[in-house]
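K.L.:
Predicted model, plus sequence, below.
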Amino acid sequence: MLAIWLGLTLLTGCFSPADGDEADLTAAAAPGERTLVIGAYSVVKDAMGELLPAFQEHWLQQTGERIVFQESYEASGTQARSIAGGFEADVTLLALEGDMDKLVRSGHVSPDWKKQPAGGMITRSIVVLGTREGNPKGIQDFEDLTLDDVRVLYPNPKTSGGAQWDINAIYGAGLRKAEAEGHPDPEAAAKQFLKQVHHNIESLDKSGRASMAAFEYGVGDVIVTYENELLARVAKGVPYDIVVPEDTILIENPAAVVQKYAQERGTTDLAEAFVSYLHAPAAQETFVKHGFRPVNPKTWDQTQQQFAKPTGLFRIEDLGGWDHVREKLYSKRGIWYQVLAGI
């Protein structure tokens, strides 16, 4: 069964947005309509299934103009590379700021994208652990992922922004533990901790959504993932247990107009309106319905009781910010690649 699953995963990974496997690019605008192309990371797909029709109705009422959407959902890193390589999205929703920065450097997204509310972020979450019903392995924290009989899932950080959040959370938790214990070299201790966890990895999938699908198929004992992925499934009756580590990281997910393509296609006004809509209370409430933490302050005040508040919650800035983390963990000589190489 595992071999069949892995084979299907490999086949799925061969498709690009144009192949239609991870995309709905079939919609065509009728005369008098405009098309807005969305290039998003895979985890947000379910929420977008509600947000896009709601925005269509909102735009029709506000302007009298009918619009249609074309959609592509991929791992965040893959989606960013597709857009930089010529996939003409008008708006992109990505898993992490680092992927958006790639599009800024390639000239596709304006350097001013962070001037939107909440610094350009549209949702938040935290890294948590999902287990089978009843938590049969007794998982309580990241440390339990190092036990010999625990099989762990998280996706590949080369393609998945979610995986980078997962690894940042594990590394950061190890770093905090080492500092609290007075370890003489906290970074070395955190690297060793990440290495121990990775030793128990069952598979590295292309995206957070693919990793979740593997877990649902029966692969692994515990998944390191976004809180929203598990909350949405539990709300639908899937019997997972959610374990919130004491020390974990706050996830922030950005959205922006892909200025280069929107200007070429004459959709800048529409794209900007859609990104603004994603920050509005109605859209933020939809994100909450799908397990995300809202960035709109009013919506957060109304819904925060729904979310866990880990005592050791930290942000990417506590690890030195994205530039430092990319160099420290994900460069060719970074800690993550040293872990992979067994160095």
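P.N.:
It's in.

K.L.:
Give me the pLDDT for the most centrally placed residue in the chain.
P.N.:
Taking CA atoms, centre = their mean, the centroid of the chain lies closest to Ala95, which sits 3.6 Å from it. What the model reports as pLDDT for Ala95 is 92.

K.L.:
how far away is it from Pro155?
P.N.:
Ala95 is 10 Å from Pro155, where distance means CB to CB, to the nearest Å. Using the backbone N, CA and C atoms, a C-beta is placed for each residue, glycine as well.

K.L.:
Can you check which residues contact both of those two?
P.N.:
Jointly contacting Ala95 and Pro155 under the rule CB atoms under 8 Å, 6 or more residues apart in numbering are 162, 208.

K.L.:
residues in contact with the nearest residue to the residue nearest to the centre of the chain once chain neighbours are set aside?
P.N.:
Closest residue in space to Ala95, ignoring its immediate chain neighbours: Gly161 at 2.7 Å, by CB to CB, 6 or more residues apart in numbering. By CB under 8 Å, 6+ apart, the contact set of Gly161 is 41, 75-77, 94-96, 98-99, 208.

K.L.:
how about a markdown table for these, with secondary structure added?
P.N.:
Listed next are the contacts of Gly161 as a markdown table, based on DSSP: H, G, I helix; E, B strand; the rest coil:
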| residue | secondary structure |
| --- | --- |
| Tyr41 | strand |
| Ala75 | coil |
| Ser76 | helix |
| Gly77 | helix |
| Leu94 | coil |
| Ala95 | coil |
| Leu96 | coil |
| Gly98 | helix |
| Asp99 | helix |
| Gly208 | helix |
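
K.L.:
In the stretch 1-150 of the chain, where is pLDDT below threshold?
P.N.:
1-31 (pLDDT under 70).

K.L.:
same thing with the stretch 201-343 of the chain?
P.N.:
For the stretch 201-343 of the chain, the ranges with pLDDT under 70 are 343.

K.L.:
which stretches of it form strands?
P.N.:
Under the criterion DSSP state E, counting those that start in this stretch, strands of the stretch 201-343 of the chain are mapped to 201-203, 222-226, 241-243, 250-257, 293-294.

K.L.:
Give me the sheet partners of the shortest one and which way each runs.
P.N.:
With DSSP bridges as the test, strand 293-294 is paired with strand 121-131 (antiparallel).

K.L.:
Tell me which other helices or strands the following helix or strand past the strand it pairs with touches.
P.N.:
Downstream of strand 121-131, the next assigned helix or strand under DSSP states H and E is strand 152-153. If contacts are counted by 3 or more CB pairs under 8 Å, 6 or more residues apart in numbering; DSSP states H and E, strand 152-153 sits against strand 201-203, helix 208-217, strand 222-226.

K.L.:
Show me the contact partners of the second one.
P.N.:
Helix 208-217 is contacted from outside by 1, 5, 9, 12, 41-43, 45, 73, 75, 95, 130, 153-155, 160-163, 202-203, 205, 220, 223, 225-226, 229, 233, 238, using CB under 8 Å, 6+ apart.

K.L.:
still on that earlier bit, give the contact list for the residue nearest to the centre of the chain.
P.N.:
Counted by CB under 8 Å, 6+ apart, Ala95 has contacts 41, 43, 76, 160-162, 164-165, 208, 251, 253.

K.L.:
Please repeat the previous calculation with a cut-off of 7 Å.
P.N.:
41, 43, 76, 161-162, 253 (CB atoms under 7 Å, 6 or more residues apart in numbering).

K.L.:
Could you export these to a markdown table, including columns for distance to His58?
P.N.:
Formatted as a markdown table, these follow (distance: CB to CB, whole Å):
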| residue | distance to His58 |
| --- | --- |
| Tyr41 | 23 |
| Val43 | 24 |
| Ser76 | 26 |
| Gly161 | 28 |
| Gly162 | 29 |
| Asn253 | 21 |
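
K.L.:
can you pick the most crowded of those?
P.N.:
Gly162 (35 neighbours; other CB atoms under 10 Å).

K.L.:
Just the angle for the host helix or strand of it relative to strand 121-131, thanks.
P.N.:
Element membership for Gly162, per DSSP H and E: helix 161-180. Inter-element angle recorded for helix 161-180 and strand 121-131: 70 degrees (by axes from the mean of the first three to the mean of the last three CA atoms, to 10 degrees).

K.L.:
circling back to that earlier point, ok, of the contacts of Gly161, which one's closest to Ala180?
P.N.:
Leu96 (26.7 Å; CB to CB).
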